[in-house]
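> turn this into a structure:
(one chain, ligands or ions: 1)
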Amino acid sequence: MTKPTKAELAKYKSILEKQLSSLRGDVGSMRDEALRASEQDASVDHLADQGTDNYDQGFMLGLIENEEETIKHIEDALDRVNGKGEWEFGACPLCIEENDGGKKKAGPAGAKEVKKQKPAKVVEVWIPKARLEYLPWARFCVRHQEVEERNREIA
Ligand SMILES: [Zn+2]
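Predicted coordinates for the structure are as follows:
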């Protein structure tokens, strides 16, 4: 898991923009497409040329569950891709939080002092690429997504 490259950011950006314009368009026809795709296992290729059929189907069925929220997530993700978000695109903010908290506690007595050129490697904050390919607007890593969803069920 590493920081997304510029090329990857450009790719996610174009996927996000396509998804956003699709979402803001006719969601009704998209629901039809998704249902038809699941019935016939037909190829749905108007959304993401680079994706697989499963990708498109999962994306569409998922977003129909909560269009408004998905639009917001995509907009936020686009902000992050453009460097205007609350955190860096592709990173999990809760992992960043843990990382910051960990730094203060770090340094047990007697530990060897090691010079590190890349301190960011200490705790992984980058969301796995496989997850971003599937859900470019993912806010959290899988672990923290589960925590979030549990919190929401309680609320
Ligand atoms: Zn996380």
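> how about residue 73, what does it touch?
Taking Cβ atoms under 8 Å, 6 or more residues apart in numbering as the criterion, residue 73 is in contact with 137, 139. C-betas here are computed from N, CA, C, even on glycine.
> what about the nearest residue to residue 126 once chain neighbours are set aside, distance to residue 22?
Using Cβ to Cβ, 6 or more residues apart in numbering and skipping residues adjacent in sequence, the residue nearest residue 126 is residue 1, 4.4 Å away. Here the criterion is Cβ to Cβ, to the nearest Å. By it, residue 1 lies 28 Å from residue 22.
> which of those two has more neighbours?
Shown here are residue 1 and residue 22; by other Cβ atoms under 10 Å, residue 22 has more neighbours (20 against 13).
> and the more buried one, how far from residue 78?
Per Cβ to Cβ, residue 22 is found 14 Å from residue 78.
> per-residue confidence averaged over the helix ranked longest in the chain?
Criterion DSSP state H: the longest helix present in the chain is helix 6-24. Averaging pLDDT along helix 6-24 gives 93.
> which strands or helices does that helix pack on?
Applying 3 or more Cβ pairs under 8 Å, 6 or more residues apart in numbering; DSSP states H and E, we find helix 6-24 packed against helix 53-65, helix 67-81, helix 129-134.
> could I have the CA atoms of that helix written out in CSV?
The C-alpha coordinates for helix 6-24 follow below in CSV (Å, rounded to 0.1, in the frame of the first residue of the first chain):
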residue,chain,number,x,y,z
LYS,A,6,-0.1,11.2,-10.2
ALA,A,7,-1.2,8.8,-13.0
GLU,A,8,-3.4,6.9,-10.5
LEU,A,9,-4.9,10.1,-9.2
ALA,A,10,-5.8,11.2,-12.7
LYS,A,11,-7.4,7.9,-13.3
TYR,A,12,-9.5,8.0,-10.1
LYS,A,13,-10.4,11.6,-10.9
SER,A,14,-11.8,10.6,-14.3
ILE,A,15,-13.7,7.7,-12.8
LEU,A,16,-15.1,9.9,-10.0
GLU,A,17,-16.2,12.6,-12.5
LYS,A,18,-18.0,10.0,-14.7
GLN,A,19,-19.7,8.6,-11.7
LEU,A,20,-20.7,12.0,-10.4
SER,A,21,-22.2,13.0,-13.8
SER,A,22,-24.0,9.7,-14.0
LEU,A,23,-25.4,10.2,-10.6
ARG,A,24,-26.6,13.7,-11.2
